[in-house]
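Asks: only geometry, no sequence info:
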């Protein structure tokens, strides 16, 4: 991919002796992000050859559980919005959003 129109996103993961993430940093120069710290990363990559999703899910050992719940909720909401844009399937996107509301209610998250 030696196209002159490229963009790069980098992740730097600092690990402890047991290879557990202690620090997550990311950069996306085109987006103005340089070595920003994060507590969690969820990355999904579609492999069209085998029709399978490859995933990387990382979080630091000091990621608070209450923040992890919010992170999951916001990720689910974003996925429902992306699903709508990608498929134009409004009915299923609405169903997904209903689940997000249920998820937030059960975890007693405030909007």
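Replies: Structure's in. What do you need? Not measured: the values here are computed from a predicted model. Numbers count the residues shown, from 1 in each chain.

Asks: how far is stretch 17-25 from where the chain is centred?
Replies: In terms of C-alpha atoms, centre = their mean, to the nearest Å, the centre of stretch 17-25 is set 18 Å apart from its chain centre.

Asks: tell me the mean pLDDT over that stretch?
Replies: Averaging the model's pLDDT scores along stretch 17-25 yields 96.

Asks: what does it contact?
Replies: Residues external to stretch 17-25 that are found in contact with it (C-beta atoms under 8 Å, 6 or more residues apart in numbering): 11-16, 35-41, 58-62. Quick note: C-beta positions are derived from backbone N, CA and C, even for glycine.

Asks: can you tell me which of those are buried?
Replies: Among the contacts of stretch 17-25, those scoring as buried are 13, 38, 39, 40, 41, 58, 59, 60 (criterion: 16 or more other C-beta atoms under 10 Å).

Asks: strands of this structure, start to end?
Replies: Taking DSSP state E as the test, the strands found in the chain are 10-15, 21-28, 33-38, 40-47, 52-59.

Asks: so, low pLDDT: which residues of this protein?
Replies: Residue ranges of the chain with pLDDT under 70: 1-3, 111.

Asks: contact partners for residue 40?
Replies: If a contact means C-beta under 8 Å, 6+ apart, then residue 40 has 24, 58, 59, 60, 63, 68, 71 as its contacts.

Asks: name the nearest of those residues relative to residue 7.
Replies: residue 24 (19.9 Å; C-beta to C-beta).

Asks: who's in contact with residue 79?
Replies: By C-beta under 8 Å, 6+ apart, residue 79 lies in contact with residue 96.

Asks: no no, residue 39
Replies: Here residue 39 is in contact with 24, 59, 60, 62, 63, 67, 71 (C-beta under 8 Å, 6+ apart).

Asks: buried stuff in stretch 59-72?
Replies: By neighbour count, with 16+ other C-beta under 10 Å as the criterion, the buried positions of stretch 59-72 are 59, 60, 63, 69, 71, 72.

Asks: meant to ask about stretch 75-86, not that
Replies: Within stretch 75-86, the residues that qualify as buried by neighbour count (16+ other C-beta under 10 Å) are 76, 77, 79, 80, 83, 84.
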